[in-house]
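A.B. asks: need coordinates for the following:
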Amino acid sequence: MGILLEVLVRFIPSLGGWARSVWCRHQRRQLVGVTTRVLWVAPDKVPWAVWGAEHRYFDAEWAGSLLYLRGR
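C.D. replies: Residues are numbered from 1 along each chain as shown. You can find the predicted model right below:
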């Protein structure tokens, strides 16, 4: 799913906000119900993760230079 979103955004830039929202909802679903689970964020997805945290999809925290997500 991630690769498809990246390709769509590359060819249709107006889908960027929609693709970011889809990515954030997917990450949030992986975090639901598990309080000890975290998801590490790949460096190229850090802007999307920060946006998702600002829009309350999940919490984002830094461990040195690495960003990880935690469910709300």
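
A.B. asks: for the rest of this, base every contact and every neighbour count on C-alpha atoms.
C.D. replies: OK.

A.B. asks: who are the packing partners of the strand or helix carrying Gln27?
C.D. replies: Counting by DSSP states H and E, the element that carries Gln27 is helix 16-31. In terms of contacts (3 or more Cα pairs under 8 Å, 6 or more residues apart in numbering; DSSP states H and E), helix 16-31 is packed against helix 2-11, strand 38-40, helix 46-54.

A.B. asks: ok, 10 Å please
C.D. replies: Counting contacts by 3 or more Cα pairs under 10 Å, 6 or more residues apart in numbering; DSSP states H and E, helix 16-31 packs against helix 2-11, strand 38-40, helix 46-54, strand 66-70.

A.B. asks: okay, now the unreliable bits of this protein?
C.D. replies: Low-confidence segments of the chain (pLDDT under 70): 1-2, 5, 34-35.

A.B. asks: go again with 90.
C.D. replies: For the chain, applying pLDDT under 90 flags the ranges 1-23, 29-38, 44, 71-72.

A.B. asks: does Leu61 belong to a helix, a strand or coil?
C.D. replies: In this structure residue 61 is Glu, not Leu. strand (DSSP: H, G, I helix; E, B strand; the rest coil).

A.B. asks: from Ala42, how far out is it?
C.D. replies: Separation of Glu61 from Ala42 (Cα to Cα, to the nearest Å): 13 Å.

A.B. asks: go on, Glu6?
C.D. replies: For Glu6, the distance to Ala42 - Cα to Cα - is 14 Å.

A.B. asks: what about the two, which has more around it?
C.D. replies: Neighbour count, other Cα atoms under 10 Å: between Glu6 and Ala42, Glu6 has more, with 16 against 11.
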